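Asker: sequence and predicted structure, then a few things I'm wondering about:
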Amino acid sequence: MTGGHRRILVVEDDPETAGQLVEELTTSGYEVDLAATGREALSHGAARDYAVITIDRMLPDIDGITVMRQMRDDGVASPFLIISALGEVDERVRGLRAGGDDYLVKPFSFVELLARLEALGRRSETIAKETILRVGDLAVDLIARNASRRGRKIPLLPREFQLLEYLVRNEGRVVSRAMLLQHVWDLHFDPSTNIIDVYVGRVRRKVDDAQAYPLIHTIRGIGYCLRAPG
């Protein structure tokens with residue numbers, strides 16, 4: 001894991017194990033958040049992105065497998081490393097089929113834990129590159145279906161997100177109103193409709209207002225172009 005994506009969520013209810021994990025991971029250069037219950041884990045997962053989430057199977061309130069499934073349903077794409085005393089083959093298979101990306105049985109070697117975290121982190125970075133589109137300071141998350149500028153979320157309705165995604169995928173290219181109507185609305189061009197201009201106006205206000213520079217540009221008589229300066 002490189003850059004700023006070295007934050008890990010540790011979901012562990014045993015105070016001694018949790019303390020050791022946080023200490024060792026912090027010493028190894030990771031930023032660590034700790035959740036002692038399933039509800040705390042769900043709250044952390046909804047609030048920020050993690051390179052890897054380590055999770056115990058047996059939590060005091062919600063089973064770890066249920067937590068993983070709920071996070072996946074909520075759009076969390078981070079890889080899960082299950083750390084559990086339940087080491088039988090059937091238990092490991094159940095955990096992996098429920099959404100886990102790797103399984104480590106207690107007691108374990110911390111050196112092995114680090115190696116598994118590094119492998120999952122590399123996978124996480126690859127997924128992030130494939131699923132997050134960036135233009136300038138704009139980021140469009142194709143899994144979470146949201147967008148942000150300089151880390152600040154932009155509230156978009158589903159159709160507005162589809163419109164922005166199409167513009168971002170065509171960064172630097174001029175797209176006509178007919179192209180937008182066909183690819184975003186799946187309709188043939190109707191010269192009498194102003195739906196494109198209305199939606200582009202809405203998206204432009206949400207994306208560009210109060211920002212350092214505009215991204216969405218009108219190409220008079222043709223259509224629109226999304227591009228960053230420089």
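Answerer: Cool, got the structure.

Asker: CA atoms for contacts and neighbours, from now on please.
Answerer: Will do.

Asker: looking at it, residue 26 is touching residue 34, isn't it?
Answerer: No - using CA atoms under 8 Å as the test, residue 26 is too far from residue 34 to be in contact (11.7 Å).

Asker: which one of the two has more residues nearby?
Answerer: Neighbour count, other CA atoms under 10 Å: between residue 26 and residue 34, residue 34 has more, with 19 against 14.

Asker: secondary structure class for the residue sitting furthest away from the middle of the chain?
Answerer: For the chain, the C-alpha lying farthest from the average C-alpha position belongs to residue 192; by CA atoms, centre = their mean, that distance is 39.1 Å. Going by DSSP: H, G, I helix; E, B strand; the rest coil, the secondary structure assigned to residue 192 is coil.

Asker: ok, residue 225 next?
Answerer: Residue 225 is classified as strand under three-state DSSP.

Asker: which residues of this structure fall in helices?
Answerer: Listed in chain order, the helices found in the chain under DSSP state H are 15-27, 38-47, 64-73, 89-97, 110-131, 158-169, 177-184, 195-208.

Asker: by mean pLDDT, show me the worst of the ones you listed.
Answerer: The weakest mean pLDDT among those belongs to helix 110-131, with a mean of 79.

Asker: domain ranges for the protein, per the record?
Answerer: Taking the TED database as the domain assignment, the ranges for the chain are 7-130, 136-226.

Asker: CSV please, covering the helices of the chain and showing distance to residue 229.
Answerer: Supplementary listing: these in CSV, determined by distance: least, CA to CA, whole Å:
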stretch, distance to residue 229
helix 15-27, 39
helix 38-47, 31
helix 64-73, 36
helix 89-97, 45
helix 110-131, 22
helix 158-169, 14
helix 177-184, 23
helix 195-208, 13
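
Asker: out of those helices, nearest to residue 149?
Answerer: Shortest distance between residue 149 and the helices of the chain, using CA to CA, is found for helix 195-208: 7.5 Å.

Asker: and for the nearest residue to residue 41 once chain neighbours are set aside, the neighbour number?
Answerer: Sequence neighbours aside, residue 35 is the residue nearest to residue 41 in space, at 5.3 Å (criterion: CA to CA, 6 or more residues apart in numbering). As a burial measure, residue 35 scores 18 neighbours (other CA under 10 Å).

Asker: name the residues linked to residue 35 by a beta bridge.
Answerer: Counting by DSSP bridges, residue 35 forms beta bridges with residue 11.

Asker: and it, what is it in contact with?
Answerer: With contact set as CA atoms under 8 Å, 6 or more residues apart in numbering, residue 35 has these partners: 9, 10, 11, 12, 13, 41, 44.

Asker: what do you get if the cut-off is 7 Å, keeping everything else the same?
Answerer: When the contact criterion is CA atoms under 7 Å, 6 or more residues apart in numbering, the partners of residue 35 are 10, 11, 12, 41.

Asker: also residue 56?
Answerer: Residues touching residue 56, when contacts are defined by CA under 7 Å, 6+ apart, comprise 11, 12, 64, 82, 83, 84.

Asker: try it again with 10 Å
Answerer: The neighbourhood of residue 56, defined by CA atoms under 10 Å, 6 or more residues apart in numbering, consists of 10-14, 36-38, 63-65, 81-86, 103-106.

Asker: go on, residue 12?
Answerer: The contact partners of residue 12, by CA under 10 Å, 6+ apart, come to 18-19, 21, 34-38, 41, 54-60, 64, 83-84.

Asker: go on, residue 198?
Answerer: residue 204.
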